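Peer 1: got a predicted structure here, sequence first:
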Amino acid sequence: MSFNLRVLEEAANERNPLFERLKFLAIFSSNLNEFFRVRYPQIVALSSLKKKTKKKIEQFEEDIVEKIKTELRQQLNHFGTILNEKILPELKNECIYFYYNEPIRQEHLQEIREVFLSKVLSFIQPIYLEEKGGRSFLPENNQLYFVVTLSEKNSDSDTLNHAIVNIPSNKTDRFFTLTGDENYEYVIFVDDIVRSNLVYLFPNQNIESVYSIKVNRDAELNLEDEYAGNLLKKLEKQLKKREIGPPSRFLFEAGMPKNLQMFLSSLFNISTDEVFDGGRYHNLNDLFSFPMFGKKLEFRKQKPLTVTNVMSSGDIFTSMRQHDILLHVPYQSYNSVLSFFNQAAVDVDVTDIYITLYRVAEESHIINALISAAKNKKNVVAFVELKARFDEANNIKWSKVMKQAGIKIIYSIPEIKVHSKIALVVKKDDGKPEMYSVISTGNFNEVTAQIYCDQVLMTTNKNICKELLQLFKFLQLKNEVDNSKKMHFKNLLVSQFNMVSELEKLIDNEIKKAKKGEGGLIRIKVNNLEEPKFIQHLYIASQAGVKIECLVRGICCLAAGVEGLSENISVKRIVGRYLEHSRILIFGQDENARVIMGSADLMTRNLYRRIEVYVTILDAACKQELIDYFDLQWADNDGSVWLLPDYSQKKDLVVPGKEKINAQESIYDYLKEKCQTSVS
């Protein structure tokens, strides 16, 4: 929630283009939906445990649900202020009139009626709640509805009836443009088109009140260790249930009478902890699709930099043999990765391709390359993680297509989620098999590579490749115990094997340096920092005098700057035009630093319940690039905030004359200069 507040602040930031600020509101709303589908149900479940059990949970707060509700209320009020007092007036300044909780002008009523009758009405199915079928009605997850209170026309009866009317935002556009005039272009919610025309649904009844509602449902799949048999079929069944999973939030338009709230809560089987009041409109993540009318009110397009010395040869394998390649996306083009798989698919000397797939693009070039490779008689082995939350259906779809094409598909190990982002190609060079590896901090997804900040290492280092092949063979053998005893990693840090112990050793080494007066230093960049033992180890390092700098985008359970505990630890959070997604760990400094990158966040699930891979960067130039990358981010005083000991956030004080440093802009400039230097 703290991270989401930081996102909201970017919507208020007037230095961001107007449509980008609308997108930040959409991101905030999308994050909130996920919070209530995934995290909040767990919190409510914990709160419902018996006191004895709760006492065993370290730092469990009895009033956590109320704290969340209070924080949420403040954030939503802030959201409303930003939208109503800043963004809507600025849209009008740009000649865009957005109907938002206000009467519709007389000149648009006829047009709205026509839109309703011709383009919207066919998707609407009113349900009377007092009738037999209505009493068993269950709102779908994230679907928008109106609850309409009705009375009989020309009747002395005081009886009120209630109907549910779906708002078909998932069947039609959420926003419609209306006829403009010399002053404005006009935009209206489909919600208001339906609300204004409810009389056509209930012509013989009085409409007493109308309130918008929606329900979030628990989306966490319960894949327990006892799952056996065909996991694919089980997941498909679970996916069908997902949209009618247990409710986690009942959101209703503010002003709804208490008796109506209670009636609906009882009908939908919703507890008090799951009831939240909100605004007139829900699912404002749909602001992503707000019409732009050709106006240039977005960030100026930043063309990804071409890694010239890689792409100019036209042979990715030759480039990789010459030196390790380190890509920083989205600042640099993802084409090198696409070329790697495309060329592997058609190269007659390539014999084997191994890859783990977690989240892939809906129209994936990489998977199409794998399909081509299989049709070209190459041995293609793809480990498909079916438990990638919210991407299960896409992964199931692609796994079936790949299997049909002849790719060997290895589905999820039931008790372990494979979250690593690794690939390996075996190719005959002069008749001898040589290996080419790709290890990434982000998914093999060319779409998210345009907006997620990630690193991709492409290497032919024999030791790294051997260890990667060993891991793929392990995955192919379905995690057999006898095989796992033979696994040894030196350059890779693999969870379930050596990751935790190696990280502990690296922290201990910095503690020893600090105690000798040699200046221990640890730099960490992750999305989430939550694992208790790791945090405790960092506290011990801080107390020993180790300087620790952490860039944590989201969840951070480490309290920085606490006297007697963590005075030597500082934590920053960066939010900008791109989503920070890299995982980089640096132990030590200068040429002696151990630099590691990979897929794992420092969370319990990543370190203990997944297959994650970090790789030690051996190439000196690549290592320096990652150190420079971290330093540029640490210098940010524009898109960053400091996390204080109480977990609140504070921006850098504005000092007259102090240079504004935006890390994401600085990194682009840094890489652009390196590209120009390499060309010259």
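Peer 2: Now that the structure is in, tell me what you want to look at.

Peer 1: where exactly do the strands run in the stretch 501-650 of the chain?
Peer 2: Defined through DSSP state E, counting those that start in this stretch, the strands belonging to the stretch 501-650 of the chain, from first to last, are 521-526, 547-552, 569-574, 579-580, 584-587, 594-598, 610-611, 613-616, 640-643, 649-650.

Peer 1: report the helix or strand with the lowest average pLDDT across this structure.
Peer 2: The helix or strand of the chain with the lowest confidence, counting by mean pLDDT, DSSP states H and E, is helix 481-484 at a mean of 51.

Peer 1: ok, Phe489 - contacts?
Peer 2: For Phe489, the residues meeting the contact criterion (C-beta atoms under 8 Å, 6 or more residues apart in numbering) are 467, 470-471, 497-498. All C-beta spots, glycine's among them, are computed from the backbone N, C-alpha and C.

Peer 1: what about 10 Å?
Peer 2: Listed by C-beta atoms under 10 Å, 6 or more residues apart in numbering, the contact set of Phe489 reads 463-464, 466-468, 470-471, 497-499, 502, 613-614, 616.

Peer 1: buried residues in stretch 340-360, which are they?
Peer 2: Judged by neighbour count (16 or more other C-beta atoms under 10 Å), stretch 340-360 contains these buried residues: 340-345, 347, 350, 352-360.

Peer 1: repeat that for stretch 459-479.
Peer 2: Using 16+ other C-beta under 10 Å as the burial criterion, the residues of stretch 459-479 that qualify are 459-461, 464-472, 474-475, 479.

Peer 1: and that stretch, average pLDDT?
Peer 2: The predicted model gives stretch 459-479 an average pLDDT of 90.

Peer 1: distance from that stretch to the middle of the chain?
Peer 2: Mean-position distance between stretch 459-479 and its chain equals 28 Å (C-alpha atoms, centre = their mean, to the nearest Å).

Peer 1: just stretch 372-389 next, same as before
Peer 2: Relative to the chain's own centre, stretch 372-389 is displaced by 24 Å; criterion: C-alpha atoms, centre = their mean.

Peer 1: going forward, count from 57.
Peer 2: Sure, I'll start numbering at 57, so the last one becomes stretch 428-445.

Peer 1: could you pick out which of the contacts of Phe545 are located in strands?
Peer 2: Judged by DSSP state E, strands contain the following of the contacts of Phe545: 669-670, 672.

Peer 1: need those residues in a markdown table with pLDDT, can you?
Peer 2: What follows is the ones in strands among the contacts of Phe545, written out as a markdown table (pLDDT from 0 to 100):
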| residue | pLDDT |
| --- | --- |
| Val669 | 97 |
| Tyr670 | 98 |
| Thr672 | 98 |
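
Peer 1: measure stretch 654-663 end to end?
Peer 2: As for stretch 654-663, its first-to-last residue distance stands at 12 Å under the measure C-alpha to C-alpha, to the nearest Å.

Peer 1: can you give me the offset of it from its chain's centre?
Peer 2: Distance, stretch centre to chain centre, for stretch 654-663: 15 Å (C-alpha atoms, centre = their mean).

Peer 1: can you check stretch 489-503 too?
Peer 2: 20 Å.

Peer 1: now that stretch: mean pLDDT?
Peer 2: Rounded to a whole number, the mean pLDDT of stretch 489-503 is 96.

Peer 1: quick one: what helix or strand has the residue nearest the centre of the chain in it?
Peer 2: For the chain, the residue lying nearest the average C-alpha position, counting by C-alpha atoms, centre = their mean, turns out to be Asn87 (8.0 Å). Following DSSP states H and E, the helix or strand that holds Asn87 is helix 74-90.

Peer 1: what of Leu383?
Peer 2: The secondary structure element spanning Leu383 is strand 381-385 (assigned by DSSP H and E).

Peer 1: neighbours around His544, how many?
Peer 2: One way to gauge burial is a neighbour count; for His544, by other C-beta atoms under 10 Å, it gives 10.

Peer 1: for the closest residue to Lys730 other than its chain neighbours, what are its contacts?
Peer 2: Nearest non-adjacent residue to Lys730, counting by C-beta to C-beta, 6 or more residues apart in numbering: Glu681, 7.8 Å away. The contact partners of Glu681, taken as C-beta under 10 Å, 6+ apart, are 382, 384, 511, 651, 673, 675, 726-727, 730.

Peer 1: once you drop chain neighbours, what's closest to Thr515?
Peer 2: For Thr515, the spatially nearest residue (C-beta to C-beta, 6+ apart) is Asp380, at 4.5 Å.

Peer 1: and Met312, by the same measure?
Peer 2: Nearest in space to Met312, with sequence neighbours left out and distances taken as C-beta to C-beta, 6+ apart, is Tyr267 at 4.6 Å.

Peer 1: quick one: neighbours of that neighbour, just the number.
Peer 2: Residues within reach of Tyr267, counting by other C-beta under 10 Å, total 19.

Peer 1: and the gap between it and Glu146?
Peer 2: With distances defined as C-beta to C-beta, to the nearest Å, the gap from Tyr267 to Glu146 amounts to 29 Å.

Peer 1: so what's Gln388 closest to, chain neighbours aside?
Peer 2: Leaving aside its sequence neighbours, Gln388 is closest to Leu361 (4.8 Å, by C-beta to C-beta, 6+ apart).

Peer 1: any idea how far that neighbour is from Lys456?
Peer 2: Computed as C-beta to C-beta, the Leu361 to Lys456 distance reads 37 Å.

Peer 1: still on that earlier bit, who does the helix or strand that comes right after the helix holding Asn87 touch, helix- and strand-wise?
Peer 2: Using DSSP H and E, the helix or strand that follows helix 74-90 towards the C-terminus is helix 96-103. Packing contacts for helix 96-103, counted by 3 or more C-beta pairs under 10 Å, 6 or more residues apart in numbering; DSSP states H and E, involve helix 107-111, helix 120-137, strand 261-273, strand 303-309.

Peer 1: now the protein, which segments are flagged as low pLDDT?
Peer 2: Scanning the chain for pLDDT under 70 picks out the ranges 109-116, 275-300, 364, 367-368, 443-447, 468-471, 534-542, 709-711, 732-736.

Peer 1: which residues touch the residue nearest to Leu548 when sequence neighbours are not counted?
Peer 2: Counting by C-beta to C-beta, 6+ apart, the nearest residue to Leu548 once its immediate chain neighbours are dropped is Glu523, at 4.6 Å. Residues touching Glu523, when contacts are defined by C-beta under 10 Å, 6+ apart, comprise 493, 517, 543-548, 550, 669, 671.

Peer 1: can I get those in CSV with secondary structure and distance to Phe306?
Peer 2: As requested, those are exported to CSV (DSSP: H, G, I helix; E, B strand; the rest coil; distance: C-beta to C-beta, whole Å):
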residue, secondary structure, distance to Phe306
Ser493, strand, 49
Asn517, coil, 54
Met543, coil, 48
His544, coil, 53
Phe545, coil, 48
Lys546, coil, 53
Asn547, coil, 51
Leu548, strand, 47
Val550, strand, 43
Val669, strand, 41
Val671, strand, 46
